[in-house]
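1. predicted model and sequence below, questions to follow.
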Amino acid sequence: MILDRESMQNHKHVEKQRVLVVLQLTSGECLFGFFHAGHSERISDVLNDQRTFLPFEVVDGERMIHAKTSIMRVYEICNVTRHFHHPDPYVVLNVSRADSWETIQRAYRQQMVLCHPDRYAHRNPPEAALELLDRIASRLNEVMDQIKPNHISSVA
């Protein structure tokens, strides 16, 4: 199908979220990379849609298409789009401003455990994956540095 200029301008571009995952294939190979999902979609929605093949972007930028039948497991690590592109630190941690400090700390720890590079060492991740995980951990620390003074002062 060929779109003329007017059709292309009227065509809505849907922004996708980049979700970092470990993709374990039926061959036993593990790939670190991204599935792309709409803002209201979960990875399970993407895996269970009607498509037979799914696009997958490896952390080094290579793009490939995988047959769903070749996928054995998907381990979701984090929503990279939310971590790096959302300005609100509470959204990054997926908590509310009204949540207790203990709830915020628990959310931080849970995400930090998921993103810690040592958790994936047995899967022999590529260097690009380790660097990304380090950047995510640094971002989580920055977010906590932003939230702590504001949250503590609003509770006191």
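-> Ah, there it is. Because the structure is predicted, anything quoted here is derived from the model rather than measured.
2. list the contacts of the residue nearest the centre of the chain.
-> With distances taken as CA atoms, centre = their mean, residue 79 lies nearest the centre of the chain, 2.1 Å away. Residues in contact with residue 79 (CB atoms under 8 Å, 6 or more residues apart in numbering) are 17, 18, 19, 20. All C-beta spots, glycine's among them, are computed from the backbone N, C-alpha and C.
3. can we see that at 10 Å?
-> For residue 79, the residues meeting the contact criterion (CB atoms under 10 Å, 6 or more residues apart in numbering) are 17-20, 37, 39, 42-43, 85-86, 92, 94, 111.
4. narrow the residues you listed to those in strands?
-> With strands defined by DSSP state E, the entries of these inside them are 17, 18, 19, 20, 37.
5. the last one against residue 46, yeah?
-> Yes - using CB atoms under 10 Å, residue 37 is in contact with residue 46, at 5.1 Å.
6. what's the overlap in contacts for those two?
-> With CB under 10 Å, 6+ apart, residue 37 and residue 46 have common neighbours 16, 19.
7. so how far is the longest helix along the chain off the chain centroid?
-> Scanning the chain for the helix with the most residues, using DSSP state H, yields helix 127-155. On the basis of CA atoms, centre = their mean, to the nearest Å, helix 127-155 sits 15 Å off its chain's mean C-alpha point.
8. check which helices and strands that helix sits against.
-> Judged by 3 or more CB pairs under 10 Å, 6 or more residues apart in numbering; DSSP states H and E, the packing partners of helix 127-155 are strand 16-25, strand 30-38, strand 71-79, helix 80-85, helix 89-93, helix 101-115.
9. would you mind listing the buried residues in that helix?
-> Residues 129, 130, 132, 133, 136, 139, 140, 143, 144, 147, 151 are the ones in helix 127-155 that count as buried (16 or more other CB atoms under 10 Å).
10. quick check: the farthest pair among these?
-> Put simply, by CB to CB the two of these set farthest apart are 129 and 151, 31.5 Å from each other.
11. right, I'll call it a day here.
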